[in-house]
Each structure stands twice: as C-alpha cells, then as structure tokens.
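Visitor: Here's my sequence, what's the structure:
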Amino acid sequence: MEPILDNHMHLDPDHGRGVEAVEEFARLGGTHLLVVNKPSWHLGPLPESGTDFEHVFETTLGAVAAANDVLDGRAWPVLGVHPGLVSPLVADGRAPEEAGGIMRAGLDLAGEYVADGRALALKSGRPHYEVSDEVWDASNAVLDHALALGAEHDCVVQLHTEASEDLSGIAERAEDRGLPAHRVVKHYAGGRLRGPTPSVIGRKEELERAAESGEPFLMETDFIDDPDRPGAVLGPKTVPRRVRWLREEGHEAAIRTAHVETPERVYGIDTIETLDG
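Guide: All right, here's what the predicted structure looks like:
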C-alpha cells in the first residue's frame with residue numbers, strides 16, 4: 001500500500017455524506033485526508049464573535065475522528081475562516097472592518113486548536129471575486145493576521161484566493177510575518193504557481209502541468225459534501241483515480257512528490273509512517 005492524500009476535502013456529517021464519502025475515498029485506495037471546515041454560514045447563523053466558530057470547528061473534529069476509524073492512514077483537521085464570509089457579514093449590515101474583526105477572532109480561536117494539537121493547520125485567504133476597495137482592504141488585513149498566526153503557531157496556512165499563477169506577493173507577506181513561503185498552501189491551484197505551495201485541483205491537465213514542472217505540489221478535490229450541490233467541484237474518488245492515471249502516464253516521481261515528500265516538507269507529516277498496512 002502507498003499513501004494517497006487528498007489535501008482539501010470538506011465533510012459535513014450533519015447535512016452531507018460525512019464518513020460515507022471517506023469510505024468511498026478509501027475503497028479506491030485513498031489513505032490520508034486534510035479535512036477543512038465548511039464555511040461557517042453553511043453550518044449555522046452568521047457569527048458575531050470568535051466563539052461562534054466553535055460549533056463549526058467541533059463538527060470538523062468529529063468528522064476527522066470518524067474518518068480516522070475508516071482510513072488506513074489518517075485524517076487531520078484544517079480550521080479557519082473562509083474569506084467569503086466577509087460578504088454575508090457586510091450584507092448583514094457590518095462595516096468591512098467590523099466584519100474583518102469577527103473573522104480575525106475566528107482565526108484566533110482556530111489558532112488555539114493548533115496550539116493544543118487538535119488541528120494541523122489554519123485556513124484563510126481573500127475573496128476570489130470582485131469586491132469594493134474597503135472589503136478588499138479588510139480582507140487583506142484578515143489574510144495578514146492568518147499568516148502571522150501561522151508564524152506564531154508554526155503551522156501551515158491554507159489559502160482560498162483569486163485564481164493566479166503568480167501569488168509571490170502573498171508569499172512575501174508571509175515571509176514578512178515570519179512564515180516561510182512554502183508553508184503557505186494555495187488551495188484550488190493550477191499546475192503552475194509562483195510563491196506558495198500549490199494544492200492542485202484534481203483535473204488531468206493541471207496535474208500533468210504540475211508533474212512536468214518537477215516542483216513540489218499537493219493534490220485535492222475540494223469535495224464540498226453538499227447534498228444541494230452534488231456535482232460541485234470533484235468527488236471523493238477523484239484523487240485515487242488521478243494517482244492511478246499519473247502512474248499510467250509514467251509520473252511515478254510526481255506521485256511521490258505529492259503524497260510523500262511535499263506533505264512532509266510543508267506540514268511535517270509522515271504519510272508512510274502513519275499507514276496501518
């Protein structure tokens with residue numbers, strides 16, 4: 001058995017498939033997961049303070065525990081605040097800076113989970129859609145806060161940002177705050193990226209670009225576990241299937257890069273040592 005890691009999957013045991021999706025991933029050969037909490041407004045009312053994120057984080061920890069009972073490897077939680085939260089908060093009447101304060105408080109709480117070993121990494125970012133200058137500035141302040149927390153807690157920060165092949169500016173922001181650029185992970189990345197480590201969405205053309213680049217990368221589905229959007233993004237079988245395809249295409253080195261070497265380099269996790277088989 002070899003490790004197969006999906007770097008960004010959502011699990012919703014209350015409304016979605018939950019552990020059933022993990023079982024599907026495992027049947028196809030998947031062994032390791034990074035489980036990212038769903039956007040908070042999908043799991044309850046809009047937050048008014050940092051403590052309002054606790055339910056979202058605890059739900060994710062429960063999903064990870066259930067996943068660990070199924071996987072031959074293991075799952076880890078990634079906790080934080082989706083950058084898109086700024087928009088419903090502003091639409092609800094909050095000033096952008098006030099919305100940013102709520103989001104920073106949520107990240108502070110996520111940082112406490114990392115500090116006591118209950119979470120592996122943080123999740124943040126900035127809107128991937130057009131927003132006002134005030135919202136953009138507030139969002140960048142949230143992003144900077146997350147990067148500083150990553151440095152403080154010596155952990156990875158996974159980012160949801162605009163699509164780009166060059167995010168070296170974000171990497172510089174991280175370095176300025178004491179977080180090495182390779183410990184910033186761009187979720188839903190294409191096959192080429194300057195700056196952060198790319199977590200490449202499991203589409204063949206992007207994975208081929210990543211494999212041929214020879215650079216460190218991760219693989220993900222961004223499975224959203226939403227029964228109202230069953231075809232959104234990619235399903236839990238995708239990463240194991242793409243690993244099989246990469247092998248058929250002769251990309252053995254890239255498989256090891258994405259599922260052994262990059263997880264170790266970026267997160268400090270050993271996907272071989274944590275295999276049961």
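Visitor: Spell out the residue ranges of the strands in this protein.
Guide: Ranges of strands in the chain, per DSSP state E, are 5-9, 32-36, 75-80, 121-125, 157-160, 184-189, 197-201, 218-220.
Visitor: out of these, which comes closest to residue 172?
Guide: Residue 172 lies closest, by C-beta to C-beta, to one member of these: strand 184-189, at 10.3 Å. C-beta: built from backbone N, CA, C; applies to glycine.
Visitor: Quick check: mean pLDDT of stretch 254-271?
Guide: The average pLDDT within stretch 254-271 is 98.
Visitor: Same check on stretch 146-158?
Guide: 98.
Visitor: Quick check: buried residues in that stretch?
Guide: 146, 147, 148, 149, 150, 151, 153, 155, 156, 157, 158 (16 or more other C-beta atoms under 10 Å).
Visitor: Which members of those residues occur in helices, if any?
Guide: Using DSSP state H, the members of the buried residues of stretch 146-158 that fall in helices are 146, 147, 148, 149, 150, 151, 153.
Visitor: Tell me how far residue 167 lies from residue 128.
Guide: 12 Å (C-beta to C-beta, to the nearest Å).
Visitor: In terms of neighbours, single out the busier of these two.
Guide: residue 167 (23 against 14; other C-beta atoms under 10 Å).
Visitor: So for the more buried one, what's the pLDDT?
Guide: pLDDT, residue 167: 98.
Visitor: just residue 195 next, same as before
Guide: 98.
Visitor: can you check residue 44 too?
Guide: On the pLDDT scale, residue 44 gets 78.
Visitor: right, and it touches residue 58 too?
Guide: No. The pair residue 44 / residue 58 is not scored as a contact, 11.4 Å apart, by C-beta atoms under 8 Å.
Visitor: in the stretch 1-150 of the chain, which ranges drop under the pLDDT threshold?
Guide: For the stretch 1-150 of the chain, not a single residue meets the criterion pLDDT under 70.
Visitor: ok, back up a step: list the residues that are in contact with both of residue 44 and residue 58.
Guide: With contacts defined as C-beta atoms under 8 Å, 6 or more residues apart in numbering, no residue is shared by residue 44 and residue 58.
Visitor: re earlier: for the ones in helices among the buried residues of stretch 146-158, which one is nearest residue 245?
Guide: Distances from residue 245 to these, taken by C-beta to C-beta, are shortest for residue 150, at 32.8 Å.
Visitor: Quick one: the helices in the stretch 151-277 of the chain, in order.
Guide: 168-176, 204-213, 238-248, 252-256, 262-267 (DSSP state H, counting those that start in this stretch).
Visitor: could the ones you listed go into CSV alongside mean neighbour count?
Guide: Listed next are these as CSV, based on neighbours: other C-beta atoms under 10 Å:
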stretch, mean neighbour count
helix 168-176, 17
helix 204-213, 18
helix 238-248, 19
helix 252-256, 16
helix 262-267, 20
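Visitor: Tell me which of those helices sits nearest to residue 139.
Guide: helix 168-176 (12.0 Å).
Visitor: Going by contacts, tell me the helices and strands next to the closest one.
Guide: Packing contacts for helix 168-176, counted by 3 or more C-beta pairs under 8 Å, 6 or more residues apart in numbering; DSSP states H and E, involve helix 133-153, strand 184-189.
Visitor: quick one: that helix to strand 184-189, angle?
Guide: In terms of direction (axes from the mean of the first three to the mean of the last three C-alpha atoms, to 10 degrees), helix 168-176 departs from strand 184-189 by 150 degrees.
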